[in-house]
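S.K.: just a sequence and a predicted model for now, questions to come.
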Amino acid sequence: MQVFNTPFGMVDISSELLVEYRKGLKGVMRDDTLVSIQLHKILIASMSAFREYVDERIDKRPRYLRMLSAHGDSVGRKDYYYREMYNGVYAFHDVRSWVRRHDGECETLVVCVCNPSGVNLNSSSSILVYPRQPFDNMEILYSAIGEGLGMFVVREPK
């Protein structure tokens with residue numbers, strides 16, 4: 001997992017997804033430095049789009065967000081996990097554990113992990129934004145221009 005800082009908060013990206021994003025950008029840009037700069041710009045734009053999306057849904061624009069972006073799955077109505085690769089081996093982590101670990105540390109938590117079973121998430125302090133279905137990882141990049149966000153639920157803390 002790599003953490004990127006943006007003006008709107010932090011983004012936790014799985015190493016697997018980071019490789020995919022870099023490979024996609026590398027097809028357009030040859031220079032590694034330019035790829036890194038462009039990826040950072042996309043993450044900033046995506047975080048900004050999520051801020052606007054939350055503001056439109058609950059009339060509150062969060063100042064600071066934290067995003068989890070990784071491949072994952074949900075099974076039944078309670079198992080929801082993301083995966084990370086360590087030395088070529090997948091490790092699976094509970095999305096709810098990530099939410100509990102970061103709940104209250106910022107105003108909004110954004111979970112960009114496929115959720116085909118539509119598992120519901122809750123928090124006690126932070127606004128939650130998470131998908132209600134599977135999505136293509138490129139859709140997160142499209143979110144940088146405000147496209148495809150309708151698949152995300154915005155839930156206020158309980």
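M.R.: That came through fine.

S.K.: pretty sure Trp98 contacts Glu84?
M.R.: No. In this structure, Trp98 is not within contact of Glu84 by Cβ atoms under 8 Å, at 10.8 Å. Placement of C-beta: from N, CA and C, glycine included.

S.K.: of those two, who's got more company?
M.R.: Trp98 (22 against 19; other Cβ atoms under 10 Å).

S.K.: could you find the closest non-adjacent residue to the more buried one?
M.R.: Spatially, and ignoring its direct neighbours in sequence, Trp98 is nearest to Leu68 (5.5 Å; Cβ to Cβ, 6 or more residues apart in numbering).

S.K.: just confirm that neighbour contacts Gly9, I think it does.
M.R.: No. When contacts are counted by Cβ under 8 Å, Leu68 is not listed as touching Gly9 (11.5 Å).

S.K.: and for Leu17, the neighbour number?
M.R.: Neighbour tally, Leu17, other Cβ under 10 Å: 22.

S.K.: now swap in Arg51 and tell me
M.R.: Residues near Arg51, counting by other Cβ under 10 Å: 22.

S.K.: lowest-confidence helix or strand of the protein?
M.R.: Lowest by mean pLDDT, DSSP states H and E among the helices and strands of the chain is helix 138-142, with a mean of 60.
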